[in-house]
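K.L.:
sequence-free structure coming up:
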Ligand code: FAD
């Protein structure tokens, strides 16, 4: 043991098991304090009923209770961390701050500022890999360059895991629990109202317990994942994205479980496909880290020359998309899902993103920002990655001439219109064949008031192909 006292700063890692920074702090220090900061610079622009704040609030309460069972506690502040972390470190007299790496450009700048202030006070700042299996420069091409295409990245990722199976070893906490500093008298958690927020329905179980129960439930269905995952009316996916976003479940635990399954021939066709999705998450985290401009600009610079629609007509089309009144039932049902629950099924994220960019001709960044506002699982790397994939402006882009048809997508992935009926009840009376394109059929009752399509797909398709002419040479 080399340090007297340390402080662990929790961010996207709201759990009390298999936690890299906490493990390293406990094994290196005599006494360990824990803190979470509600970052005023992030919270200020959010609506009062933001679902993420409610999710964090509930998960923090569970984390504090777990830490207390082990003899510690969670300090919670509502502040700008660049000020608050160095101030708290000084107040507690710690030698070092331990935390897990965050790869978003804003977080990297924030951590740099915190580290510089701590250093000026003679304290250390230690960052650890925790939210991914392989980070930054760990999966590279033979020429030691970052990958920009998914499949070779995935193959190299799997090869590295085979060579380094200990990358999945858990970072133990409980055996080192004697290192927790006892709770301080001033550790009451703030209420949502004290933070300036109202309770919101998260539509998903919160905290470590919620995540564990959801993963258990998913393991019973994982064999069907390869096919069921594309049908939004079915509970075919894990819905764990919010837990991966906030670290209420350990990525090592997930990958270890799937690897063990694959080892004994379990998990059917679903397990390797699900593992692939977890690797997509790491691919996009690496892309954002290596190419931070993807948050703002096209991955391929030539694509910044595309001229998107603008002006009052574009504003109106965008409003219709946001509010789910495009006249395309699957698109409208998907937008109702994100607006009502803060979640949208992956197939529908692809369909709605494609519709905004390639049917309405609107800049992918408008849609990316709308998702950022609404999604409970919003993650800058996956969101910009997903949007640039759909807009064909990103790495591994689908070619721009591949344009989703919102009606055939609907017929294929919601064949009975079950999902549409759930989120656009106005169309409940339509038959299973007619519901995908109501304007072509006789309508009864409330279905008569359902809007006509705001754009004709075939014409929009031609316009998009012309719009993308400027990048033909680069495609
Ligand atoms: P599952 O199918 O069970 O997959 C397991 C996990 O793998 C997910 O929880 C997620 O962490 C990861 N994953 C799955 N698909 C992808 C993918 N395509 N890219 C990266 N990681 C993936 N995911 C986010 O977590 N946050 C976002 O902000 C986000 N925005 C997106 C925007 C668009 C336009 C698109 C097309 C995709 C976006 N995704 C985002 C990826 C994907 O849609 C969600 O991760 C997925 O729908 C979450 O549901 P699930 O947990 O049931 O996923």
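P.N.:
Yes, it's here. Because the structure is a prediction, the values reported are computed rather than measured.
K.L.:
For the ligand, what's its nearest residue on the stretch 251-400 of the chain.
P.N.:
residue 386 (2.4 Å; Cβ to the nearest ligand atom). In short, each C-beta sits where N, CA and C put it, glycine included.
K.L.:
residues contacting the residue nearest to that residue when sequence neighbours are not counted?
P.N.:
Excluding its sequence neighbours, the residue lying closest to residue 386 (Cβ to Cβ, 6 or more residues apart in numbering) is residue 349, at 5.9 Å. Applying Cβ atoms under 8 Å, 6 or more residues apart in numbering to residue 349 gives the contacts 334, 371, 386, 390.
K.L.:
quick revisit: and the residue of the stretch 251-400 of the chain closest to the ligand, what element?
P.N.:
Element membership for residue 386, per DSSP states H and E: helix 380-391.
K.L.:
how distant is that helix from the center of its chain?
P.N.:
When C-alpha coordinates are averaged (Cα atoms, centre = their mean, to the nearest Å), helix 380-391 and its chain have centres 11 Å apart.
K.L.:
which other helices and strands contact it?
P.N.:
Contact here means 3 or more Cβ pairs under 8 Å, 6 or more residues apart in numbering; DSSP states H and E; on that basis helix 380-391 packs against helix 270-290, helix 346-354, helix 364-374.
K.L.:
So which bits of this protein are right by the ligand?
P.N.:
Those residues of the chain that sit near the ligand, judged by Cβ under 6 Å from any ligand atom, are 229, 237-241, 244-245, 277-278, 280-281, 284, 346, 349-350, 353, 371, 375, 377-379, 382-383, 385-387, 390.
K.L.:
Mark which of those are buried, thanks.
P.N.:
Those of these that meet the buried threshold are 229, 237-241, 244-245, 278, 280-281, 284, 349-350, 353, 371, 375, 377-379, 382-383, 385-387, 390, by 16 or more other Cβ atoms under 10 Å.
K.L.:
quick revisit: would you mind finding the most buried of the helices and strands packed on helix 380-391?
P.N.:
Per-residue neighbour counts averaged over each of the helices and strands packed on helix 380-391 give the maximum for helix 346-354, namely a mean of 23 (mean count of other Cβ atoms under 10 Å).
K.L.:
quick one, it and helix 364-374 angle?
P.N.:
Helix 346-354 and helix 364-374 meet at an angle of 140 degrees, taking axes from the mean of the first three to the mean of the last three Cα atoms, to 10 degrees as the criterion.
K.L.:
Average pLDDT for helix 346-354, rounded please.
P.N.:
Across helix 346-354, pLDDT averages out at 98.
K.L.:
Next, the angle from it to helix 380-391.
P.N.:
With the same axes, to 10 degrees applied, the angle from helix 346-354 to helix 380-391 works out at 60 degrees.
K.L.:
How far off centre is helix 346-354?
P.N.:
15 Å.
K.L.:
just stretch 75-87 next, same as before
P.N.:
Put simply, stretch 75-87 sits 24 Å off its chain's centre (Cα atoms, centre = their mean).
K.L.:
how far does that stretch stretch from start to finish?
P.N.:
Using Cα to Cα, to the nearest Å, one end of stretch 75-87 lies 13 Å from the other.
K.L.:
tell me which residues of it are tucked away?
P.N.:
Using 16+ other Cβ under 10 Å as the burial criterion, the residues of stretch 75-87 that qualify are 75-77, 80-82, 84-86.
K.L.:
Not counting it itself, show me its contacts.
P.N.:
Looking at stretch 75-87 with Cβ under 8 Å, 6+ apart, the contacting residues turn out to be 7, 9, 33-41, 43, 60, 64, 88, 97, 110, 113-114, 117-118, 121, 123, 184, 187, 189-190, 194-195.
K.L.:
List buried members of those by neighbour count.
P.N.:
Among the contacts of stretch 75-87, the ones that count as buried (16+ other Cβ under 10 Å) are 7, 9, 33-40, 43, 60, 64, 88, 97, 110, 113-114, 117-118, 123, 187, 189, 195.
K.L.:
now, which of these lie within helices?
P.N.:
In helices, defined here by DSSP state H, the members of the buried ones among the contacts of stretch 75-87 are 40, 43, 60, 64, 88, 110, 113-114, 117-118, 195.
K.L.:
ok, of those, which one's closest to residue 426?
P.N.:
Residue 426 lies nearest to residue 43 out of these, by Cβ to Cβ, at 35.8 Å.
K.L.:
just checking, the closest one touches residue 195?
P.N.:
Yes: between residue 43 and residue 195 there is a contact under Cβ atoms under 8 Å: 7.1 Å.
K.L.:
Give me the common contacts of those two.
P.N.:
Here residue 43 and residue 195 share the contacting residues 53, 78, scored by Cβ under 8 Å, 6+ apart.
K.L.:
distance of the spatially most central residue of the chain from residue 128?
P.N.:
The residue lying closest to the centre of the chain (Cα atoms, centre = their mean) is residue 379, at 3.4 Å. Per Cβ to Cβ, to the nearest Å, residue 379 is found 19 Å from residue 128.
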